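K.L.:
Structure, please.
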Amino acid sequence: MFCIEVFTKNEFKDSRGKHVLSDIISLDFNCVNKVEYCSLYLIDGKLFLKEVKLIASCLLSDKITESYSITKYDTENPSYLFNNNIVTSKAVIDVLYKKGVTDTVSASVIKAVKDLGINKNIEVKTGHRYYLYGKLSKTILDGIACKLLSNTLIQEYKVNGLK
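P.N.:
Okay, the predicted model is just below:
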C-alpha cells in the first residue's frame, strides 16, 4: 500500500496547521508549540511507483503551493511507533474514516485515476495527518485526537511518536 502525503510548500503558510495549533492551545494543551498538516491518501493496488507519482503530481497536489511524499504504508507495522507513554518532542496523528463509512473523496480519486488512463483496480482511503511538536505524551495526544482532530463516531485515529 502506498501512502501519499500532500503538504504545503515551505514558502507558503500552512494555515490549517496554524489553525489546529490555535485550537489545541485554546483547549489548554499548552505543551504543543507547532502543528504541521497534510492530506493523506492510502492507495492499495498493483500500481507501479511511476503511476503513483503521476497520481500524486497530476491529481492530488497543486504544483504551485503543494508538494508530496510517497512511502509504503504498513497498517500492521507502522514505521514509527509511540514508545509507551514516554514524553517525546514530535508525534504524528493520522485520522481516517472507519471501515464501512462512505469516503466520497476516495470515490472521486478512484474515478480520476481512471480518467488519467490508469485502468487498474485500486482502493483509496483518504484522511489527515498532523505532525505535532512539543513536550508530548500519548495521553496528551489521545486527548487532542479525541477532542479536536477526529469524530470518533465515523473516524479512527492512530497516534505515533517520533523522538
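
K.L.:
show me where the chain has strands.
P.N.:
Ranges of strands in the chain, per DSSP state E, are 2-8, 32-45, 66-72, 88-97, 122-136, 155-162.

K.L.:
Run the chain-centre distance for the fourth one.
P.N.:
Once both centres are worked out by CA atoms, centre = their mean, to the nearest Å, strand 88-97 turns out to sit 8 Å from its chain's centre.

K.L.:
Packing partners of it?
P.N.:
strand 32-45, strand 122-136, helix 138-144, strand 155-162 (3 or more CB pairs under 8 Å, 6 or more residues apart in numbering; DSSP states H and E). Every C-beta, even on glycine, is put in place using the N, C-alpha and C of the backbone.

K.L.:
Flag every buried residue along the first one.
P.N.:
Of the residues in strand 32-45, those with enough neighbours to count as buried (16 or more other CB atoms under 10 Å) are 32, 35-43, 45.

K.L.:
repeat for the last one
P.N.:
Buried positions in strand 155-162, judged by neighbour count with 16+ other CB under 10 Å: 155, 157-161.

K.L.:
Pick out the residue closest to the middle of the chain.
P.N.:
The chain has residue 129 as the residue nearest its centroid, 2.5 Å off, counting by CA atoms, centre = their mean.

K.L.:
Enumerate every residue touching that one.
P.N.:
Residue 129 is in contact with 5, 37-40, 92-95, counting by CB atoms under 8 Å, 6 or more residues apart in numbering.

K.L.:
Around the residue lying closest to residue 63 once chain neighbours are set aside, count how many other residues there are.
P.N.:
Nearest residue to residue 63, sequence neighbours excluded (CB to CB, 6 or more residues apart in numbering): residue 57, at 7.2 Å. Residue 57 is flanked by 15 other residues according to other CB atoms under 10 Å.
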